[in-house]
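In: What follows is a predicted protein model with its sequence.
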Amino acid sequence: MPLVLSIPKPFASPFSQTHINMPRDCSRFLTPSIINSRRKRRFTGGIRAAKLDYYATLNVKRNATLQEIKSSYRKLARLYHPDSSKKPGAEEKFKEISAAYEVLSDDEKRSLYDQFGEAGLHGEYERPYGGSQGMDTFDAFDSFFGGGNPFFGERGEPGEEGNLSIRHDMHLSFEESVFGGEQKIEVSALDSCDSCNGSGAKSSECVKSCHQCGGRGVVMSTQKTPFGVISQVSTCQKCGGIGKIITEKCLKCRGAGNVRSNRSIRLVIPPGVSDGATLRVKEEGNYDRKKGVIGDLFLVFHVDEKVGVRREGLNLYSDVNIDYIEAILGSIVQVETVDGLRELRIPPGTQPGDIVKLPNMGVPDMNKPSVRGAHHFVVKVLIPKDISEKEQALLRELATIKASHEGNYGRSLDGYKNSKSSSHHPTFKPGMKRSSSLWDSIKGILRGRKSGSRFASVCVSTPPILWKSKKTDTSLTPLLVAAIVGAYIFKLIVKTGCERFLEHKRNSCRVIDLSS
C-alpha cells in the first residue's frame with residue numbers, strides 16, 4: 001500500500017537559506033564537502049581498562065533498557081544494603097551498585113560512559129603504554145571540535161555513510177501549483193534489510209562484541225603537547241564504530257544492513273506552491289545501519305509555464321485585446337483565468353496599458369488558503385488597418401462632429417491644413433455665443449475700404465452665429481438682415497454726401513495768378 005504524505009507548508013532546506021540549487025538530474029543531496037588535509041590517524045596506544053564495568057556491576061546487558069536497570073538495582077540494593085546484609089564487603093558492594101546506577105540511569109552520563117568509559121565521566125585520561133610523543137595539529141584541533149562533517153555523521157571517518165537525505169524533483173502543471181493536487185512518486189532509497197533486520201549478520205549468533213574497542217565503538221588515547229595533555233578519541237577501525245563484529249554476513253545485504261529499494265509515495269501537494277520551492281518530508285530518506293536513523297526526503301518543485309499567464313507572488317498577469325470602439329464605449333469581454341472563462345468589464349474611456357483586475361482569481365497563500373491574489377489584465381487596444389467604406393464614412397462624420405464641437409476647423413480629415421475653411425470661419429470655443437461675428441461684419445462695412453465699383457459686400461454665415469445654441473431661433477434672421485442693410489444704406493448716404501460736398505467746394509474756389 002503506498003504511503004500517503006500531506007505536506008502542510010514549505011520548509012527551508014538546511015543546506016541553504018532559500019532552497020537547494022542542484023542539477024535537475026541529481027537524485028540525492030550531496031554531502032557538504034569540507035576540506036580535510038589531515039593524514040590518516042594512527043594510534044600506538046590502546047584504551048585503559050576501566051576500573052569498574054557498571055553493566056556487569058548491575059548484572060545487565062549493555063543494551064538494557066532503563067526499566068531493566070532499575071529492576072536490577074532494586075534487587076541488588078536490597079541484597080547488599082549495609083542495614084540488612086551482614087556479608088563481608090557488603091558496604092563496598094553497595095557503593096559500587098549505587099555508583100553504577102547513578103551513571104546508567106542518567107542518559108547523558110550513560111552516553112559518556114558508553115563512549116569513553118569511566119574516564120569520560122571525570123574528564124581525566126592517561127596515555128597508556130607511553131604512546132606517541134608527537135601529535136598532528138589537525139588531530140589536536142579535532143579532539144576539541146569533533147572534526148568531520150557537521151551535517152552528516154559525527155566525526156566523518158572514512159567509510160561512514162553520510163548521504164542520508166534524498167532529493168527528488170517534481171514537475172507540476174501551472175494549475176496544480178495554484179490549486180494543489182496529488183501525485184504518486186517512486187523514490188529509490190536505502191531501507192533496512194528485512195532479512196537481518198538491519199544488523200548485517202546472518203543470525204544473532206554471528207554478532208560478537210569488538211575486542212579492540214570493548215564494544216564501545218571508539219578508541220581513546222592521550223598525548224602530551226606544548227599546551228598540555230590532550231585526549232584523542234576516534235572511531236574504532238575494527239568495527240567501524242558499531243562496537244560489534246559480524247562473523248558471518250547476511251546473504252541479502254552482504255553485511256551492509258540496508259538494501260536499495262523503490263519506495264512508492266503518494267503526496268498531497270498544497271495550493272500555492274511556487275517554482276523552485278523545496279519541501280521536506282521527515283524520515284523518508286536513506287537508512288543508516290550504524291546509527292539506526294533514517295534521513296529526510298527533500299522535494300524540489302518545478303512548475304510548468306502557462307502560455308499568456310505570468311505569476312508574480314500571489315498575483316497573475318495577462319494581456320487582453322479589445323477593439324478601439326470597446327475602449328471608447330466600454331464593454332464586457334470573456335477572458336481566460338485559472339478558474340475558467342470569466343467576464344471582464346472594460347470601463348468606457350479605457351486607455352492602452354490600463355490594468356483591469358479580477359479579485360480573488362490569483363494564487364492562494366500557502367499559509368492562509370483563504371487569502372488569494374488577483375488576476376490582472378493589461379489592456380491592449382487594437383487599431384484596424386483595413387475598414388469598409390461604410391465604416392470610413394461613419395468615422396468621417398464622427399470626426400466632423402468632433403471637430404465642430406472643438407472648433408478645430410483648421411484640421412482636415414485627410415491630414416493637411418484647410419486654408420479656405422480657416423480663412424472664412426473663425427475658431428469657436430464651446431459654449432460661447434457667436435454674436436461677435438455680426439459685429440465684425442458691421443465694422444468691416446463701416447471701415448469702408450474703397451472699391452472701384454463703389455460696392456461693399458457682406459458675407460454672413462448664419463450657422464456659426466447660432467452654432468452653439470441649444471435651440472435655433474429663426475426669428476432673429478430678419479432682424480439681422482435688416483440691421484445689415486440699414487448699416488449699408490447709412491454708409492452709402494454718408495459717403496455720397498461727403499463726395500458732393502467736396503466737389504462743390506472745389507468749384508467755388510477762385511484761381512489767383514501770382515505771376516502778375
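Out: Arrived safely. Numbers count the residues shown, from 1 in each chain.

In: Phi and psi next, for residue 169.
Out: Main-chain torsions, residue 169, degrees, to the nearest 10: phi -90, psi 130.

In: Residue 277 versus that one, what's the distance?
Out: Separation of residue 169 from residue 277 (Cβ to Cβ, to the nearest Å) stands at 12 Å. Just so you know, the C-beta spots here come from the backbone N, C-alpha and C atoms, and that holds for glycine as well.

In: if I look at the two, which residues touch both of them?
Out: Common neighbours of residue 169 and residue 277, counting by Cβ atoms under 8 Å, 6 or more residues apart in numbering, are residue 300.

In: Which one of those two is surrounded by more residues?
Out: Legend: neighbour count by other Cβ atoms under 10 Å for residue 169 and residue 277, higher for residue 277 (23 against 16).

In: wait, the more buried one sits on residue 270?
Out: No: here residue 277 does not reach residue 270: they are 9.8 Å apart, not a contact under Cβ atoms under 8 Å.

In: what do those two both touch?
Out: Between them, residue 277 and residue 270 share no contacting residue under Cβ under 8 Å, 6+ apart.

In: where do the helices sit along this protein?
Out: 54-57, 66-80, 90-104, 107-116, 118-122, 137-145, 174-179, 324-329, 389-406, 419-424, 435-447, 462-465, 476-508 (DSSP state H).

In: For the first one, name the packing helices and strands.
Out: For helix 54-57, the packing partners by 3 or more Cβ pairs under 8 Å, 6 or more residues apart in numbering; DSSP states H and E come out as helix 90-104.

In: outside of the helix it packs on, which residues touch it?
Out: 52, 54-55, 57-58, 60, 69-70, 73, 76-77, 80-82, 85, 109-110, 113, 121.

In: Stretch 194-214 too?
Out: Stretch 194-214 has contacts (Cβ under 8 Å, 6+ apart) with 46-47, 117, 192-193, 215, 217, 219, 236-239, 242-253, 255-258, 287, 289, 292.

In: The residues you listed, buried ones only, as a PyMOL selection?
Out: The following PyMOL line selects those of those that are buried, judged by 16 or more other Cβ atoms under 10 Å:
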select buried, resi 47+117+192+193+215+217+219+236+237+239+242+243+244+245+246+249+250+253+255+256+257+258+287+289
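
In: show me where pLDDT drops low in the protein?
Out: For the chain, the stretches flagged by pLDDT under 70 are 1-52, 116-162, 407-476, 501, 504-516.

In: per-domain residue ranges of it.
Out: 51-119, 162-201+251-305, 204-247, 318-382 (the TED database).

In: any chance of those domains in CSV, plus distance to residue 405?
Out: Converted to CSV, those look like this (distance: least, Cβ to Cβ, whole Å):
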stretch, distance to residue 405
domain 51-119, 92
domain 162-201+251-305, 49
domain 204-247, 94
domain 318-382, 15
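
In: which one of these lies closest to residue 487?
Out: Closest to residue 487 of the domains of the chain is domain 318-382 (Cβ to Cβ; 47.4 Å).

In: you'd agree residue 335 is up against residue 341?
Out: Yes: with contact defined as Cβ under 8 Å, residue 335 counts as touching residue 341 (7.2 Å).

In: For the two, work out which one has more neighbours and name it.
Out: Set side by side, residue 335 and residue 341 show more neighbours around residue 335, with 16 against 9, by other Cβ under 10 Å.

In: Enumerate every residue touching the more buried one.
Out: By Cβ under 8 Å, 6+ apart, residue 335 lies in contact with 318, 320, 341-344, 358, 377.

In: Leaving out the residues flanking it, which one is nearest to it?
Out: Excluding the flanking residues, the one nearest residue 335 by Cβ to Cβ, 6 or more residues apart in numbering is residue 344, at 4.6 Å.

In: And residue 248, by the same measure?
Out: Leaving aside its sequence neighbours, residue 248 sits nearest to residue 206 (Cβ to Cβ, 6+ apart; 4.1 Å).

In: From residue 351, how far out is the one you found?
Out: For residue 206, the distance to residue 351 - Cβ to Cβ - is 84 Å.

In: the more surrounded of the two?
Out: Taking other Cβ under 10 Å, residue 206 and residue 351 do not tie; residue 206 has more neighbours (18 against 8).

In: I'd like to know how far that one sits from residue 338.
Out: 60 Å.

In: cool, and residue 272?
Out: 12 Å.

In: Give me the common contacts of those two.
Out: With Cβ under 8 Å, 6+ apart as the test, residue 272 and residue 338 both reach residue 178.

In: okay, those two: which has more neighbours?
Out: Neighbour tally, residue 272 and residue 338, criterion other Cβ under 10 Å: the higher count belongs to residue 272, 24 against 18.

In: correct me, but that one touches residue 362?
Out: No: Residue 272 lies out of contact with residue 362 (Cβ under 8 Å); the separation is 9.6 Å.

In: hey, what's in contact with both of those two?
Out: Common neighbours of residue 272 and residue 362 (Cβ under 8 Å, 6+ apart) are residue 314.

In: Mind listing what's buried along stretch 297-312?
Out: By neighbour count on 16+ other Cβ under 10 Å, the buried set for stretch 297-312 is 297-301, 303, 306, 309, 311.

In: Among the residues you listed, which pair sits farthest apart?
Out: So, the buried residues of stretch 297-312 by Cβ to Cβ: farthest apart are 297 and 309, at 30.6 Å.

In: Could you tell me how far the residue nearest to residue 248 is located from residue 243?
Out: Going from residue 206 to residue 243 by Cβ to Cβ gives 15 Å.

In: same thing with residue 88?
Out: Noted for residue 88: a distance of 36 Å to residue 243, by Cβ to Cβ.

In: For burial, what's the neighbour tally of residue 56?
Out: Other residues lying near residue 56 total 11 when counted by other Cβ under 10 Å.

In: Now residue 164: closest residue in space, sequence neighbours ignored.
Out: That would be residue 295: by Cβ to Cβ, 6+ apart, it lies 2.7 Å from residue 164.

In: Assess the claim that that neighbour and residue 187 are in contact.
Out: No: using Cβ under 8 Å, residue 295 is not in contact with residue 187, being 11.6 Å away.

In: ok, those two, which is more surrounded?
Out: Neighbours per residue, other Cβ under 10 Å: of residue 295 and residue 187, the larger number sits with residue 295, 23 against 20.

In: The more buried one: what's it in contact with?
Out: Contact analysis of residue 295 by Cβ under 8 Å, 6+ apart lists 163-166, 283, 285-288.

In: now do residue 215
Out: Taking Cβ under 8 Å, 6+ apart, one finds 62, 209, 243-244 in contact with residue 215.

In: go on, residue 347?
Out: 330, 356.

In: From residue 199, how far off is it?
Out: Applying Cβ to Cβ to residue 347 and residue 199 gives a distance of 75 Å.

In: next one: residue 90
Out: Per Cβ to Cβ, residue 90 is found 40 Å from residue 199.

In: higher neighbour count, the two?
Out: Set residue 90 next to residue 199 and count neighbours by other Cβ under 10 Å: residue 199 wins out with 22 against 16.

In: what's that one sitting at in phi/psi?
Out: phi -80, psi -30.

In: And for residue 61?
Out: Taking degrees, to the nearest 10 as the convention, residue 61 sits at phi -80, psi 170.

In: Pull the number of nearby residues for it.
Out: Residue 61, neighbours per other Cβ under 10 Å, totals 11.
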